[in-house]
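Asks: No letters, just coordinates:
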């Protein structure tokens, strides 16, 4: 707005000057002066009666009838030619009467110098504005960074690097701002409450594993002892065998849920060297009977020696669940292909089967607990949920691609550098 304000101030200053000149002219006006200004009385057209040598100003007096609804005094910018030179002027037009005769007085002031001066002022203002913006940006950047330094320190040391309540740093952050000190205090109090809840959850998991699994084991022993009774008929034996099978399923569900809970609570160490070739070879040997039962062709094309540090048991469970899933939902005489490689400097392992495939809605829910692709298949729907928990624990990304009726590919994308919770 400054250039517009400058222009308005300049015009107002010129207008005031023109009004002063008009007032002096009118106040000292007499018939002799009127005759001197008007060279030809019969000519009602305007005549340039006075002007400066540099054509900066002019004054014109002419006879002109005053029209109704016409302003007595008005200002305008117009181009006028004086002695063959055209310039733009700020012109005051004033209509007045003298001895029953209407006259029009025009006083003009050249705008050429004003335009140049206004342009210089506008340019100066723009340059100053740009400089101020640049200096303000630099000052704000460094000053805000200085002001927010405690905030970034809180984020870095007490939020970003904390994955377990036990390793939370309760050391107060040195901050001059009362707001940041309050934020630090609130975070410490919040983490204390989280740590307490975390301990209670661990204790609850321990109690559940004892309080639930122990009665199941006792019931199983009693039912197994009943089976040794020769007086039982075949119907009773079948019912007891069914009860034992149900207890085994219940025990497996509890163990799987406890496993997921322990993984999500970071109760496993992740400092072991993991050899994927060894894990895949062991899995193929352990699952060979199931592979042979469905006449599946198992092809291991993994050949890279990728060093990974994590929990060997959990990684084994992760790949085991994916392979058993590929066997379970594969077609008879189908195939399972294991490949590995590097994608954007990230090591990956892919397990591809030629099974029934998945639709989009199934892919979205496949890692949910108790989610099952087919109700005809056995299982509790926890295998892929466990796989997802293990992957998150090791910062491994699981990608799923599938074509319905043709097969599914699970891809494990490992971090560039081993990271763990």
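Replies: Structure's in. What do you need? Everything numeric here is computed off the predicted structure, so don't read it as measured data.
Asks: What's the first helix or strand after the helix or strand encompassing residue 241?
Replies: Assigned by DSSP states H and E, residue 241 belongs to helix 234-264. Going down the chain from helix 234-264, the next helix or strand is strand 272-274, by DSSP H and E.
Asks: so where is the stretch 1-150 of the chain shaky, pLDDT-wise?
Replies: 38-55 (pLDDT under 70).
Asks: Please repeat the previous calculation with a cut-off of 80.
Replies: Applying pLDDT under 80 to the stretch 1-150 of the chain picks out residues 1-4, 6-7, 28-56, 68, 70, 82-85, 113-118.
Asks: quick one: the helices in it?
Replies: Using DSSP state H, counting those that start in this stretch, the helices assigned to the stretch 1-150 of the chain run over residues 2-27, 31-37, 112-147, 149-155.
Asks: just those helices: most buried one?
Replies: Here the criterion is mean neighbour count by mean count of other Cβ atoms under 10 Å, and of the helices of the stretch 1-150 of the chain the winner is helix 149-155, at a mean of 15. Using the backbone N, CA and C atoms, a C-beta is placed for each residue, glycine as well.
Asks: neighbouring contacts of it?
Replies: 173, 174, 175, 176, 177, 180, 183, 184, 187 (Cβ atoms under 8 Å, 6 or more residues apart in numbering).
Asks: hang on, the first one in a strand?
Replies: No: secondary structure of residue 173, determined by DSSP: H, G, I helix; E, B strand; the rest coil: coil, with no strand assignment.
Asks: Between helix 112-147 and the longest helix seen in the chain, find me the angle.
Replies: For the chain, the longest helix by residue count, based on DSSP state H, is helix 178-227. On the basis of axes from the mean of the first three to the mean of the last three Cα atoms, to 10 degrees, helix 178-227 is oriented at 50 degrees to helix 112-147.
Asks: same for helix 178-227, what does it pack against?
Replies: helix 149-155, helix 234-264 (3 or more Cβ pairs under 8 Å, 6 or more residues apart in numbering; DSSP states H and E).
Asks: Quick one: closest of those to residue 81.
Replies: When the helices and strands packed on helix 178-227 are compared by Cβ to Cβ, helix 149-155 sits nearest residue 81, at 68.0 Å.
Asks: so how far is the closest one from its chain's centroid?
Replies: In terms of Cα atoms, centre = their mean, to the nearest Å, the centre of helix 149-155 is set 20 Å apart from its chain centre.
Asks: What of stretch 212-231?
Replies: 58 Å.
Asks: Identify the residues contacting it?
Replies: 232, 237, 240, 241, 243, 244, 247, 248, 250, 251, 254, 255.
Asks: Spit out the contact partners of the fifth one.
Replies: Residue 243 sits next to 219, 223 when contact means Cβ under 8 Å, 6+ apart.
Asks: ditto for the second one
Replies: Listed by Cβ under 8 Å, 6+ apart, the contact partners of residue 237 are residue 227.
Asks: go on, the fourth one?
Replies: Under the criterion of Cβ under 8 Å, 6+ apart, the contact list for residue 241 reads residue 227.
Asks: if you set the cut-off to 7 Å instead, what comes out?
Replies: Going by Cβ atoms under 7 Å, 6 or more residues apart in numbering, residue 241 touches no other residue.
Asks: dump the residue contacts of residue 270.
Replies: 309, 310, 311, 394, 420.
Asks: now the first one: how far from residue 221?
Replies: In this view, residue 309 and residue 221 are 41 Å apart by Cβ to Cβ, to the nearest Å.
Asks: which of these two has more neighbours?
Replies: residue 309 (15 against 10; other Cβ atoms under 10 Å).
Asks: name the element that one belongs to?
Replies: Assigned by DSSP H and E, residue 309 falls in strand 308-310.
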